[in-house]
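sequence first, predicted model second:
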Amino acid sequence: MSRLTITDLHASVITEDGDTPILRGVSLVVESGTTNAIMGPNGSGKSTLAYVIAGHPKYTVTSGSIDLDGQDVLAMSVDERARAGLFLAMQYPVEIPGVSVSNFLRTSITALKGEAPKLRTWTKDMKEAMADLQMDPGFATRNVNEGFSGGEKKRHEILQLGLMQPKIAVLDETDSGLDVDALKIVSEGVNRFKESSDAGLLLITHYTRILRYIKPDVVHVFVDGRIVATGGPELADVLESDGYETYTAAARA
Amino acid sequence: MRAPTVAPATDLAPRIYSREIGDFDVPKGREEEWRFAPIRKLSSFFEPENWGSVGISGEHDATVEYVEISDPRLSQSWMPTDRPSAIARAQATHAVLVTIAKESVHSSPIVVNLKNAGENNYLHVEVHAGPFSKSQVVLIHDTTGNVSGSMLSILGDQAELTMLSVIDADTAVMQHVHWFTEVGRDANFLGLSITLGGGVIRTVPTLTYRAPGGKGQILGAFLLTGDQFQEHRMLVDHTQPHCVSNVIYKGALSGEGAHSVWIGDVLVRREAVGIETYELNRNLLLTDGPRADSVPNLELETGDVLSAGHASATGRFDDEQLFYLQSRGIPESVARQLVVRGFFVDVLSKIDDPDLSGSLMRRIESKLGIIDHE
């Protein structure tokens, strides 16, 4: 049983013209076995929340706290957070030239588990996980994200989710840019991970479409750097029909 | 006195081919080919001196000989192309000659450890790969002492030669090394130029073809840390039809005062129809402070080529790459190691000997402070 507790989090993006506040008091709890959706319009800061949880150096936390099972997440380096059990499926994963997917995954698993995986079971595990996501076996020899299509990048992120088995996973707009077929494959991958583990999920999305495949327990509406409404799955249906207009208008008022 | 041969007028800097020192003016630094070089530091390379000749140390293969510079087997047709190389050819008393016999196949690399005679040295090395032979030659340059001179790789018809040259000199050292390669009919050359250290290192590779159908690749990996200068100024001279050239230079620079220069001149002459050529330089700036100049030049005198391209890019160490790797639990030092290995992999993976490529990679990582020791 794990719990990620975010309390009154304020964060700014570091730019050449100074710091610009993006998160303005986020409070949120993600527990094992629950799926929490964060929905918000463009520019609301929901991806910033994902990056701040993971520890991206572009952002500074000005106040508030992030706690994972009693550990101070903000005091940890990026890799320490991952080893503590946090995972971020990225919206725009970067290319790493000259580093193969298999080498990358093996290096990561070795770092996370503290020892290199047994070669035979590792190769089998990786092949099975790739087959589940309908990925070609040749994928393992390609360089990380180099020349990947949008769908391949997202499948690669979900492949990592399954192999790394985090306690709490943040999925940042994993649905964006995917056609329906790719969305189904990726969603099935997330659901398999949910069934096989007791992890808590934080699903960040702009559209309700992905929530037809991955059922949320809680839906948060994120506007102007904070959560402005929280409800059950039915809240997503309201957003689907009415949009964010009422919330953004209220935030402006 | 023989009249010097001057290369046809092109947009590229004209080249004089001569063994007469007097045919070459003392560089002033304003000339196109010298404009990046630290002329004053190199001044002793521009006047004839009584320096010793670079020899060989340790055990070596029977194909490797240390010969008098008058040995008739040394190339009679090769001509120096600048003042330092003309001086070195005129003043050197001895040469290192590697002779790969016709049709012979060497399964393991022929390793030549070059040994300097003293503080200042002239270098002359020739590798003659006989027709239909197959071999790999590894030249390890001495780490101490200044060096000026030339290396020649001359491939007979259908010869296959991989030649690796490793310069990993002390920071006080200056080396000025020409590397002339002539590829015979249907021959295949792979040159690997690895430069990991030295105060002032200037390499001038020339790749040309004696007959149609040859293939030449030159792959370079270079590393500068701190107050060091390296210039790699190459000319690929497509003189023959249906030949292929491929040049890749990868440089990593770290620290204030590090300055690298890469010049990639490719000349495709009118008669060189049906050729393929590609050249690429990528530089990775690991810290603030270094400067990397990169100038690709492609000059086509015929439009009848299969392909001709070039690319050049210099970029900062990418924080997003580090973040991505670290977000997967990989510690920062390991993440840096992965990125730097990935950067150099397309050059170092071409070294057949895994022990050698591994030790070069560890040397790079140790110099960059990624690993504590080798």
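That came in fine, so what should we check first?

could you use CA atoms for every contact and neighbour count after this?
Fine.

how about the residues of the stretch 251-374 of chain B by chain A?
Residues of the stretch 251-374 of chain B found near chain A, taking C-alpha under 8 Å from any C-alpha of the partner chain as the criterion, are B:320-321, B:323-332, B:338-339, B:341-346.

those in helices, which ones?
B:320-321, B:323-326, B:332, B:338-339, B:341-346 (DSSP state H).

among those, name the buried ones.
The neighbour-count test (16 or more other C-alpha atoms under 10 Å in any protein chain shown) marks B:320-321, B:323-326, B:332, B:338-339, B:341-346 as buried among those.

assumed B:His60 was part of a helix.
No: secondary structure of B:His60 (DSSP: H, G, I helix; E, B strand; the rest coil): coil, not part of a helix.

A:Arg155: neighbour count?
Taking other C-alpha atoms under 10 Å in any protein chain shown as the neighbour definition, A:Arg155 ends up with a count of 25.

do you know the pLDDT at it?
The score at A:Arg155 is 96. That number is its pLDDT.

show me the shaky parts of chain A.
Segments of chain A classed as low confidence (criterion: pLDDT under 70) are A:253.

near chain B, which residues of it show up?
Applying the criterion C-alpha under 8 Å from any C-alpha, the portion of chain A that neighbours chain B consists of A:54, A:56, A:78-83, A:87-88, A:93-99, A:107-109, A:111-112.

now with 6 Å, please.
With the criterion set to C-alpha under 6 Å from any C-alpha of the partner chain, chain A comes near chain B through A:Val78, A:Asp79, A:Ala82, A:Arg83, A:Pro97, A:Gly98, A:Val99, A:Ser108, A:Ala111, A:Leu112.

is the closest residue to chain B within the stretch 51-200 of chain A in a helix, a strand, or coil?
Across the stretch 51-200 of chain A, no residue is closer to chain B than A:Gly98, which sits at 3.7 Å (C-alpha to the nearest C-alpha). Look at A:Gly98: counting by three-state DSSP, its state is coil.

what number of residues lie near it?
Here the neighbour count serves as a burial measure; for A:Gly98 (other C-alpha under 10 Å) it reads 19.

surely it meets B:Arg341?
No: proximity of A:Gly98 to B:Arg341 does not meet the contact threshold set by C-alpha atoms under 6 Å, at 7.3 Å.

what stretches of chain B score poorly on pLDDT?
Under the criterion pLDDT under 70, the flagged ranges of chain B are B:1-13, B:371-374.

how about 50 then?
Along chain B, the model assigns pLDDT under 50 to residues B:1-2, B:9.

how's it carved up into domains?
Taking automatic domain parsing as the domain assignment, the record places the domains of chain B at B:5-316, B:319-374.

quick one: the helices in the stretch 151-300 of chain B?
Assigned by DSSP state H, counting those that start in this stretch, the stretch 151-300 of chain B shows no helices.

ranges for the strands of it?
Under the criterion DSSP state E, counting those that start in this stretch, the stretch 151-300 of chain B carries strands at the ranges B:160-168, B:174-183, B:188-197, B:200-209, B:215-225, B:229-238, B:244-254, B:259-268, B:276-285, B:291-300.

to B:Asp352, which of the ones you listed lies closest?
In terms of C-alpha to C-alpha, the element of those nearest to B:Asp352 is strand B:160-168, at 9.4 Å.

and that closest one, what other elements does it pack with?
Packed against strand B:160-168, as judged by 3 or more C-alpha pairs under 6 Å, 6 or more residues apart in numbering or on different chains; DSSP states H and E, are the following elements: strand B:134-140, strand B:188-197.

which of those strands sits most buried?
Mean neighbour count, computed with mean count of other C-alpha atoms under 10 Å in any protein chain shown, is highest for strand B:188-197 among the helices and strands packed on strand B:160-168, reaching a mean of 24.

what would the helices and strands packed on strand B:160-168 look like in a markdown table with distance to B:Ile218?
What follows is the helices and strands packed on strand B:160-168, written out as a markdown table (distance: least, C-alpha to C-alpha, whole Å):
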| stretch | distance to B:Ile218 |
| --- | --- |
| strand B:134-140 | 14 |
| strand B:188-197 | 5 |
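
show me the one of those strands that comes nearest B:Val127.
Each of the helices and strands packed on strand B:160-168 has some distance to B:Val127 by C-alpha to C-alpha; the shortest is strand B:134-140, at 8.2 Å.
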